[in-house]
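Engineer: Coordinates only, no sequence provided:
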Ligand code: ADP
Ligand code: MG
């Protein structure tokens with residue numbers, strides 16, 4: 001990748017690791033240095049495509065196969081004791097997925113230092129965030145619901161569904177990406193953030209899907225709150241003030257005692273989306289049920305009449321291709337975090353209001369990639 005990632009010339013490498021047995025530094029023999037993973041130097045870095053909350057993502061070429069891939073560097077900053085659990089989770093969950101609407105993790109490769117670990121993924125030409133800013137996109141929500149239905153069936157909650165985490169291949173397939181916050185249900189979930197709902201269910205993703213549906217229809221974020229309280233007020237303005245009748249567990253939510261919610265009795269979805277068909281209205285309302293138990297599931301959304309009306313969902317093969325705005329655009333700022341902010345507020349996660357950093361323009365040759373082969377196993381040390 002770069003000078004620091006060149007393969008070490010010496011046969012052993014000082015790791016900074018100390019043996020529990022002897023108290024002496026451990027040196028790792030060359031043959032064990034990369035474990036079963038390939039060395040990242042086998043990839044030629046082409047350009048940086050995105051930097052989100054946890055990692056930098058590069059477009060790169062696998063020099064062995066000539067294939068263009070995405071390389072996501074795992075962030076390790078605060079880690080003293082090896083891999084961060086979030087990174088491990090991301091790898092394990094992605095590895096367990098095999099679906100056309102979930103981004104394919106092909107392999108994990110390593111750099112020279114123990115801290116440099118990269119996820120090799122199929123490269124997707126666009127993310128929906130940059131695309132939305134630039135042009136009308138045809139009907140593609142069903143693909144998001146298909147991906148979510150798959151994840152939820154596997155009891156995986158993504159927890160960070162937002163337009164910048166929805167990628168689009170130039171074959172027109174939507175891929176849900178960025179499993180940095182994803183969790184498996186059933187694992188004992190320690191409360192993720194104090195003061196908030198003790199458990200999070202698949203309903204969190206469905207709320208986010210509602211926000212995305214709204215964003216696709218409006219061509220701007222539906223509820224672009226800049227702070228938690230502003231976010232809550234926007235939700236209340238749109239959907240009315242929640243109460244124990246429509247959401248039985250509402251008044252027991254731990255954070256509720258810290259807020260006095262304003263009183264607004266009306267659901268204004270119809271006003272906000274005046275031209276949306278009745279079945280579209282029903283779908284949005286169903287996705288925005290305050291009570292997560294009553295909220296639409298992904299399977300239910302796929303059965304919605306809305307997707308049987310014109311314009312019909314677009315077959316991925318019939319999707320137009322788009323110019324690669326992503327590599328030609330400057331920072332997106334607040335817009336990007338809008339849907340995630342909503343999800344996070346409802347889910348009780350801290351809201352990340354920092355704009356996502358993007359790369360300055362670089363000429364990018366067009367690459368045609370189909371859905372990549374799915375790997376059965378990712379080899380790890
Ligand atoms: P983070 O956890 O840092 O948000 P993401 O996995 O969302 O990491 O990646 C950040 C950005 O990098 C995405 O919003 C997207 O623009 C780009 N990106 C991520 N994965 C891919 C990929 N497989 N192909 C192309 N671009 C990608
Ligand atoms: Mg992301």
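Structural biologist: Arrived safely, thanks for sending. Since we're looking at a predicted model, the values are computed, not measured. Numbers count the residues shown, from 1 in each chain. Ligands and ions are numbered 1, 2, ... in the order given.
Engineer: which stretches of the stretch 51-200 of the chain have low pLDDT?
Structural biologist: 51-55, 77-82, 133-139, 187-200 (pLDDT under 70).
Engineer: what do you get if the cut-off is 50, keeping everything else the same?
Structural biologist: 195 (pLDDT under 50).
Engineer: And the helix or strand residue 234 falls within, what's buried?
Structural biologist: Assignment of secondary structure by DSSP states H and E places residue 234 within helix 228-239. Burial within helix 228-239, assessed by neighbour count using 16 or more other CB atoms under 10 Å, is assigned to 228, 231, 232, 233, 234, 235, 238, 239. Any C-beta I mention is one placed from the backbone N, CA and C, and that applies to glycine too.
Engineer: The third one reaches residue 260, doesn't it?
Structural biologist: No: here residue 232 lies out of contact with residue 260, judged by CB atoms under 8 Å, at a distance of 10.5 Å.
Engineer: can you list the domain ranges for this protein.
Structural biologist: Using automatic domain parsing, the domains assigned to the chain come out as 14-123+326-346, 126-321+362-379.
Engineer: Would you tell me which of those gets closest to ligand 1?
Structural biologist: Set against ligand 1 and scored by CB to the nearest ligand atom, the domains of the chain come closest in domain 14-123+326-346, at 1.9 Å.
Engineer: Can I take it that residue 216 is in a helix?
Structural biologist: Yes: assignment of residue 216 by DSSP: H, G, I helix; E, B strand; the rest coil places it within a helix.
Engineer: pLDDT score for it?
Structural biologist: Note on residue 216: pLDDT of 89.
Engineer: what about it, neighbour count?
Structural biologist: By the criterion of other CB atoms under 10 Å, residue 216 has 19 neighbours.
Engineer: contacting residues for the closest residue to ligand 2 within the stretch 151-300 of the chain?
Structural biologist: Scanning the stretch 151-300 of the chain for proximity to ligand 2 using CB to the ion identifies residue 178 as nearest, at 3.7 Å. For residue 178, the contacting residues are 52, 90, 160, 164, 165, by CB atoms under 8 Å, 6 or more residues apart in numbering.
Engineer: Repeat that for residue 265.
Structural biologist: The neighbours of residue 265, taking CB under 8 Å, 6+ apart as the test, are 240, 241.
Engineer: which non-adjacent residue is nearest residue 213?
Structural biologist: In space, residue 213 comes closest to residue 141 once its chain neighbours are excluded; the distance is 5.7 Å by CB to CB, 6 or more residues apart in numbering.
Engineer: Does the one you found touch residue 214 like I think?
Structural biologist: No: contact criterion CB under 8 Å: residue 141 and residue 214 do not qualify, at 10.7 Å.
Engineer: These two - which one has more neighbours?
Structural biologist: Looking at residue 141 and residue 214 with other CB under 10 Å, you find the greater number of neighbours at residue 214, namely 24 against 20.
Engineer: show me what contacts that one?
Structural biologist: Residue 214 sits next to 222, 223, 272, 273, 284 when contact means CB under 8 Å, 6+ apart.
Engineer: Give me the next element, helix or strand, following the helix or strand harbouring the last one.
Structural biologist: Assigning secondary structure by DSSP H and E places residue 284 in helix 278-287. Moving toward the C-terminus from helix 278-287, the first helix or strand encountered (DSSP H and E) is helix 298-302.
Engineer: For that following helix, list every residue counted as buried.
Structural biologist: For helix 298-302, by 16+ other CB under 10 Å, it's 298, 301, 302.
Engineer: And stretch 122-135, by the same measure?
Structural biologist: Within stretch 122-135, the residues scored as buried using 16+ other CB under 10 Å are 122, 123, 124, 125, 126, 127, 128, 129, 130, 131, 132, 133.
Engineer: and the residues you listed, which of them are in helices?
Structural biologist: For these, the ones inside helices are 128, 129, 130, 131, 132, 133, with DSSP state H as the criterion.
Engineer: Between the contacts of residue 178, identify the one with the most neighbours.
Structural biologist: That'd be residue 160 among those, by other CB under 10 Å, with 26 neighbours.
Engineer: For stretch 303-316, the averaged confidence score.
Structural biologist: The average of the pLDDT scores along stretch 303-316 is 78.
Engineer: wait, residue 145 sits on residue 298?
Structural biologist: Yes: look at residue 145 against residue 298 with CB under 8 Å: they come within range, at 4.7 Å.
Engineer: Overlap in contacts, these two.
Structural biologist: Residues touching both residue 145 and residue 298 (CB under 8 Å, 6+ apart) are residue 209.
Engineer: ok so, going back, flag whichever of the buried residues of helix 228-239 scores worst on pLDDT.
Structural biologist: pLDDT across the buried residues of helix 228-239 is lowest for residue 228, at 87.
Engineer: now what about whatever helix or strand residue 149 lives in, what contacts it?
Structural biologist: Element membership for residue 149 (DSSP H and E) is helix 141-153. With contact meaning CB under 8 Å, 6+ apart, helix 141-153 is reached by 97, 99-102, 157-158, 161, 166, 173-176, 182, 202, 205-206, 209, 212-213, 216, 297-299, 301-302, 307, 313, 316.
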